[in-house]
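Participant: okay, here's the prediction I keep looking at, along with the sequence it came from:
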Number of protein chains: 2
Amino acid sequence: MDFKKLLEKRSEESWKRFIPTLSIDCVIFSFHENELQVLLLKLRDREEWGLPGGYVEKLENVDDAAIRILKDRTGTENIYLQQFYTFGNLNRSEFAFQDYDDNMWHKQRFISIGYYALAEHGQVKMDIDEFSSIVKWHSIENLPEFMMDHRAIFDKALITLREQLNNHPIGYNLLPEKFTMPELQKLYEGILGKKLNRGNFYRKILRYDILTKLDESRKGGAHKAPDLYSFDWEKYNSALKEGLQGNW
Amino acid sequence: MDFKKLLEKRSEESWKRFIPTLSIDCVIFSFHENELQVLLLKLRDREEWGLPGGYVEKLENVDDAAIRILKDRTGTENIYLQQFYTFGNLNRSEFAFQDYDDNMWHKQRFISIGYYALAEHGQVKMDIDEFSSIVKWHSIENLPEFMMDHRAIFDKALITLREQLNNHPIGYNLLPEKFTMPELQKLYEGILGKKLNRGNFYRKILRYDILTKLDESRKGGAHKAPDLYSFDWEKYNSALKEGLQGNW
């Protein structure tokens, strides 16, 4: 079906099913090939990239809507999802479908509730829904052009990760069960947006006593096989409650 | 005017003026008499206390709505205001006006965007609007019964203060320009919800080099007059950008 026809068809259904003026956008992060990545998609008639989003049903909790949207638009379930900010400026969405009828669902003023999701790379199914032409991981070091205000939504999500790194189980949800110290450092560097001194990082992270050193090492590299670690979930959790950077 | 009649009158106007389903609630904190306090009000026909709230105009930025609501409901302007979470569960508001007509504005499902505000005590004018019978500061150590889910909104605001203490200018906005070290410690204890060791706190806060010791002391007490400090705004700001608890 032609994209405009599809949106017109979905528009009628949307007015019946969803709460007007309210949308949800999801910033899905993953850590893969030693870099922090974000999942973006392209609408079928667009050149810019966007965040997977959707709407809240009239009789649905907002958190449940976010979970459903993630599943509907990317095929992904059971990942860590956290609301982080609501974007409510005028004209953030009103011109995105300018050449459509005024009563089109998509042409409304939308106030969008942002959620960030933390996924292991393999967990995200990369299903393409009827509105999208492509879905793809992008390194946060090399982001393409975004539609609407989606770049600002992404930026706010990353700043939130940065601020919550000491209070939320962000490392735990982005890394595989077993990881090396260089991988953990790379993840922190990606989130914090800066290089860290290796020695300081190791000392600091080990001092928190939240990691378990495993009796195995990573096979296959040319260099000496690096040690593998995993999070000690109980210790990690209670350290997060205090705030990872220590007590006042 | 009878309260029910007033709400019915305002209901008609509200449908014209505001975006349906969307509300804003404000958690106004202040530090006074050595304790953290929150501003609560009572609706004219209610026994429980509530947060000052309101709605977003059809052509108004959400942040501007929060500023306007603070002014309309408490007479307060020019204070630090920060969005912190959006509350979107079903049935959080639907039963608060159960005995009213179904087409009453106030009987809708509301999804509420929470803002916290940080005020010096004297800045808040305590004006009482047409919906309220009383507006009053409450110590967070001794909170009364709240209406609807306003207790959960308050709790989330306090947790957010706690998490943002190292990245946002919270002390700066809650304290008067000149303050003593015991006052600063009391403020941190209130936000963190625990007693702090005096020596550790002094050492730690001084190490950040964000305070200026003034050439004056607090007059009038029976004891030795305590030294006065103020924030060095430039140093404080750049320390917050790094995160107050040091660098990774």
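Facilitator: Cool, the structure landed.

Participant: how does chain A divide into domains?
Facilitator: Annotated domains of chain A cover A:3-164, A:179-242 [automatic domain parsing].

Participant: highest average neighbour count across the ones you listed?
Facilitator: Stretch with highest mean neighbour count among these: domain A:3-164 (a mean of 18; mean count of other Cβ atoms under 10 Å in any protein chain shown). (Glycine included, C-beta is placed from N, CA and C.)

Participant: what's the first-to-last distance across that domain?
Facilitator: One end of domain A:3-164 sits 39 Å from the other (Cα to Cα, to the nearest Å).

Participant: between the domains of chain A, which one is nearest to chain B?
Facilitator: domain A:3-164 (2.5 Å; Cβ to the nearest Cβ).

Participant: state the pLDDT value of A:A222.
Facilitator: pLDDT for A:A222: 62.

Participant: what kind of secondary structure is A:D127 in?
Facilitator: A:D127 falls in the coil class when you classify it by DSSP: H, G, I helix; E, B strand; the rest coil.

Participant: so it touches A:G75, yeah?
Facilitator: Yes: A:D127 lies in contact with A:G75 (Cβ atoms under 8 Å); the separation is 3.3 Å.

Participant: what separates the longest strand seen in chain A from the chain centre, distance-wise?
Facilitator: For chain A, the longest strand by residue count, based on DSSP state E, is strand A:18-32. Its chain's average C-alpha position is 8 Å from that of strand A:18-32, according to Cα atoms, centre = their mean, to the nearest Å.

Participant: just the mean pLDDT for the next helix or strand after that strand, thanks.
Facilitator: Once the chain leaves strand A:18-32, the next helix or strand it forms, by DSSP states H and E, is strand A:35-43. If you average the pLDDT over strand A:35-43, you get 95.

Participant: and strand A:35-43, anywhere near chain B?
Facilitator: No: contact of strand A:35-43 with chain B (Cβ under 8 Å from any Cβ of the partner chain) is absent, the minimum separation being 15.0 Å.

Participant: next secondary structure after that strand?
Facilitator: Immediately after strand A:35-43, counting by DSSP H and E, sits strand A:53-57.

Participant: give me the sheet partners of that following strand and which way each runs.
Facilitator: Strand A:53-57 sits in its sheet next to strand A:18-32 (antiparallel), going by DSSP bridges.

Participant: list the contacts of A:E77.
Facilitator: For A:E77, the contact set (Cβ atoms under 8 Å, 6 or more residues apart in numbering or on different chains) comprises A:I67, A:L70, A:K71.

Participant: element containing A:R68, please.
Facilitator: Using DSSP H and E, A:R68 falls within helix A:62-74.

Participant: so after that helix, what's the next helix or strand?
Facilitator: strand A:80-87.

Participant: now do the next helix or strand after that following strand against helix B:62-74, angle only.
Facilitator: Using DSSP H and E, the helix or strand that follows strand A:80-87 towards the C-terminus is strand A:111-119. Here strand A:111-119 points in a direction 120 degrees away from that of helix B:62-74 (axes from the mean of the first three to the mean of the last three Cα atoms, to 10 degrees).

Participant: looking at the domains of chain A, which has the lowest confidence?
Facilitator: Here the domains of chain A differ in mean pLDDT, and the lowest is domain A:179-242 at a mean of 88.
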